[in-house]
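1. Next one to model:
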Amino acid sequence: MPLTKPDPALYLSALSCLSVSADQAIALEDSALGVTAAKRAGLYCVAVPTDMTRSMSFDHADLVLDSLDNMPLENLIRKFD
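-> Numbers count the residues shown, from 1 in each chain. Model (predicted):
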């Protein structure tokens, strides 16, 4: 049975396939379980809740944005650099 979030296996596999370490990546997630998976994999995590997930707690995310329009990718990368 494949593991699902909040298990970090998917993130760890992606990092391995890309030959990237966790401190070189940023996860973008829209759910609390996704944030948990990303953090368990050692990633910086930006939560961008949707209408369906907005009521969830995202306290464990490194950053919470209402929209990706609120922070250009270059600024986001600099924030975690």
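2. Residues contacting the helix-or-strand element of the chain with minimal mean pLDDT, please?
-> For the chain, counting by mean pLDDT, DSSP states H and E, helix 73-80 ranks last in confidence among helices and strands (a mean of 89). Helix 73-80 has contacts (C-beta atoms under 8 Å, 6 or more residues apart in numbering) with Ile26, Tyr44, Val46, Asp62, Leu63, Met71. Heads up, the C-betas are built off the backbone N, CA and C, glycines and all.
3. and the first one, how many neighbours?
-> Right, the one you point to is Ile26. Residues lying near Ile26 (other C-beta atoms under 10 Å) number 17.
4. The chain should start at 47 in everything you say after this.
-> Done: numbering now begins at 47, and the last item shifts to Ile72.
5. where's it relative to Leu79, distance?
-> 18 Å (C-beta to C-beta, to the nearest Å).
6. neighbours around Asn116, how many?
-> Counted with other C-beta under 10 Å, residues neighbouring Asn116 total 10.
7. Can you give me the pLDDT of it?
-> Asn116 carries a pLDDT value of 89.
8. Look up how far Ala87 lies from it.
-> In this view, Asn116 and Ala87 are 25 Å apart by C-beta to C-beta.
9. just checking, Gly80 touches Pro54?
-> No: judged on C-beta atoms under 8 Å, Gly80 makes no contact with Pro54 at a distance of 10.5 Å.
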